[in-house]
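Novice: For reference, the sequence and a predicted model appear below.
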Amino acid sequence: MKKILILIVAFICAISLEAKGDLTILSINNADAKVTSDTIAKVLNSNGFTVDLVSKMNGPFKIQFKKTDFKIFTLMTVHHNKLAAKLLMKYPVSGVFTPMGVGIYQKKGDDTLYVSILTPQAQKKILGIDTQLLDTIDADLLQALKKALPKAKVSESEDSLKSAHNLVTTYELDLDGEDWEDMKDEFEMNLEESFKPYGFVAAAKQDLTFIDDDIDTVYDFYDTYSICKLKVIYTVAKSRPEASAFAPCTTMVYKKKGEDKIVAGFPSVYNWLSSARVEDKAAKAELLKAQKDFESILKDSTE
């Protein structure tokens, strides 16, 4: 049996913190349907970002649930072409937002299209770090989104709900001197095989080890998985579509050079509950089940 160290990174949303909205919401009249997730992706790709994933959810919603409340519901992930690598090399935990989520949605019967992203302040709170890099990435993303959404109104979400839960959950696997490459392959194989039985889908996997050839990597490897659970997204979207900024959830798996451990972690669902003010009973139940199930996956994959 391999030795497993479980580390819960308790970046707490303290009760004493000043309440503040965690999401930036852009809205634009889209009665003519000229703005789509594809037009947004094209602009982002031309303005300093790489769009890593575009998941159009209406098709899957209709297949599994036989209906959708939306004209458009897209989960997009992006990363900053220049600054993502600098952030990742300095702060390993930032991998849970590399790539970061961009939620795009427009309800049936509504002419307004919305785009939801996390504020840099919310990212700092969740990651437990304070760096200007997050502010600069956010400013560049907003600038690019405004090009994609001319005349868009920019607003902040409602104040986040207070939470005293762990905002990032991290597990450490002690290698005990064993070959890290063999351990990596075994860990990731077990991880990937565990997704489907719990209803999770790995929408994408990225190798960020050499995310920027001009920057020397500090990792032996750094992989991220974009993880979706359709029932969670569908249920939460009914009352809080802006929570799509958190989906798909990015799970990090990495090993730093000189360390004898593999680290895996993900942003807890308590971020959805707090930042997007998810109070619907069914949505809360699905989120909490997803948290429990994903913890089980990471534990089981290291045994």
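Specialist: The structure has been received and is ready for your questions. Source: prediction; values computed, not measured.

Novice: and Gln64, what element?
Specialist: Using DSSP states H and E, Gln64 sits in helix 58-65.

Novice: Would you tell me what the next helix or strand after that helix is?
Specialist: Next element after helix 58-65 (DSSP H and E): strand 70-80.

Novice: tell me the mean pLDDT for that following strand?
Specialist: The pLDDT scores in strand 70-80 average 97.

Novice: what lines up beside it in the sheet?
Specialist: Looking at strand 70-80 with DSSP bridges, its partner strands are strand 49-56 (antiparallel), strand 100-107 (antiparallel).

Novice: Kindly state the distance between the middle of it and the middle of its chain.
Specialist: Strand 70-80 sits 11 Å away from the centroid of its parent chain (C-alpha atoms, centre = their mean, to the nearest Å).

Novice: and the helix ranked longest in the chain, which residues are buried?
Specialist: Longest helix in the chain by number of residues (criterion: DSSP state H): helix 281-301. By neighbour count on 16 or more other C-beta atoms under 10 Å, the buried set for helix 281-301 is 283-284, 286-287, 289-291, 293-295, 297-298, 301. C-beta: built from backbone N, CA, C; applies to glycine.

Novice: Who are the packing partners of that helix?
Specialist: Packed against helix 281-301 by the contact rule (3 or more C-beta pairs under 8 Å, 6 or more residues apart in numbering; DSSP states H and E) you find strand 168-174, helix 180-195, helix 230-239, strand 261-267, helix 270-275.

Novice: Compute the inter-axis angle for that helix and strand 168-174.
Specialist: Between helix 281-301 and strand 168-174, the angle comes out at 10 degrees (axes from the mean of the first three to the mean of the last three C-alpha atoms, to 10 degrees).

Novice: Residues touching helix 281-301, excluding its own?
Specialist: By C-beta atoms under 8 Å, 6 or more residues apart in numbering, the residues outside helix 281-301 that reach it are 4, 6, 169, 171, 187, 190-191, 194-195, 198-200, 227, 229, 231-232, 235-236, 238-240, 251, 264, 266, 268-270, 272-273, 278.

Novice: swap in stretch 56-76?
Specialist: For stretch 56-76, the surrounding residues in contact (C-beta under 8 Å, 6+ apart) are 33, 36-37, 40-41, 51, 53-55, 101-108, 110, 113, 203, 228, 230-231, 233-234, 237-238, 241, 244, 247-248.

Novice: rewinding a little: can you select the buried ones from the contacts of helix 281-301 in ChimeraX?
Specialist: To isolate the buried members of the contacts of helix 281-301 in ChimeraX, using 16+ other C-beta under 10 Å:
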select :169,171,187,191,194,195,200,227,229,232,235,236,239,240,251,264,266,268,269,270,272,273,278
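
Novice: if we can go back for a sec, quick one: mean pLDDT for the helix holding Gln64?
Specialist: 96.

Novice: same thing with stretch 116-128?
Specialist: 95.

Novice: how distant is that stretch from the center of its chain?
Specialist: Here stretch 116-128 is found 11 Å from its chain centre; the criterion is C-alpha atoms, centre = their mean.

Novice: And it, what's buried?
Specialist: Quick answer for stretch 116-128 (16+ other C-beta under 10 Å): Ser116, Ile117, Leu118, Thr119, Pro120, Gln121, Ala122, Gln123, Lys124, Lys125, Ile126, Leu127.

Novice: Enumerate every residue touching the fourth one.
Specialist: Think Thr119. Applying C-beta under 8 Å, 6+ apart, the residues near Thr119 are Gly21, Asp22, Leu23, Thr24, Asp138, Glu156.

Novice: which non-adjacent residue is nearest Asn45?
Specialist: Val51 (5.4 Å; C-beta to C-beta, 6 or more residues apart in numbering).

Novice: mind checking how far the one you found is from Asp159?
Specialist: Distance of Val51 to Asp159, given as C-beta to C-beta, to the nearest Å: 30 Å.
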